[in-house]
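# here is the input, now give the coordinates:
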Amino acid sequence: MKSRSRALAWVTRPLTLADTQGALALFDVLTTGPKGGDAQMFARVVSHDGTTVFGVLVDDTLRAMCTLHLLPSVT
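Sure, this is the predicted structure:
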């Protein structure tokens, strides 16, 4: 039988509150600490000024996250 490779449909975009369940599920897979992340804490992070959480979605499933914090100059 011949194997076929299938191109993955992926997208990188900023996460929103609508992505909370996917983000918490991914966090549970990646963490070695307590499971069951806090939805309210995720909401605080994604709504914080100067912070953007980017997600990589593969076939509409969140597979990776990266957080960018932009801080004003304090000098």
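# from now on I want contacts and neighbour counts done on CA atoms only, so please keep to that.
OK.
# contacts for the lengthiest helix in the chain, please.
In the chain, taking DSSP state H as the definition, the longest helix is helix 20-30. Helix 20-30 is contacted from outside by 35-39, 42-43, 61-65, using CA atoms under 8 Å, 6 or more residues apart in numbering.
# helices along this structure, start to end?
Per DSSP H, the chain carries helices over the ranges 20-30, 39-46.
# turn the contacts of helix 20-30 into a markdown table, including distance to residue 49 and neighbour count.
Rendered in a markdown table, the data for these read as follows (distance: CA to CA, whole Å; neighbours: other CA atoms under 10 Å):
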| residue | distance to residue 49 | neighbour count |
| --- | --- | --- |
| 35 | 27 | 13 |
| 36 | 25 | 10 |
| 37 | 21 | 18 |
| 38 | 19 | 11 |
| 39 | 18 | 14 |
| 42 | 14 | 19 |
| 43 | 12 | 15 |
| 61 | 26 | 15 |
| 62 | 23 | 21 |
| 63 | 24 | 15 |
| 64 | 22 | 15 |
| 65 | 18 | 17 |
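# redo those residues as TSV? Include pLDDT and distance to residue 14.
Converted to TSV, the contacts of helix 20-30 look like this (pLDDT from 0 to 100; distance: CA to CA, whole Å):
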residue	pLDDT	distance to residue 14
35	80	23
36	76	22
37	80	19
38	89	19
39	93	17
42	92	13
43	95	13
61	92	14
62	95	11
63	95	13
64	95	12
65	95	9
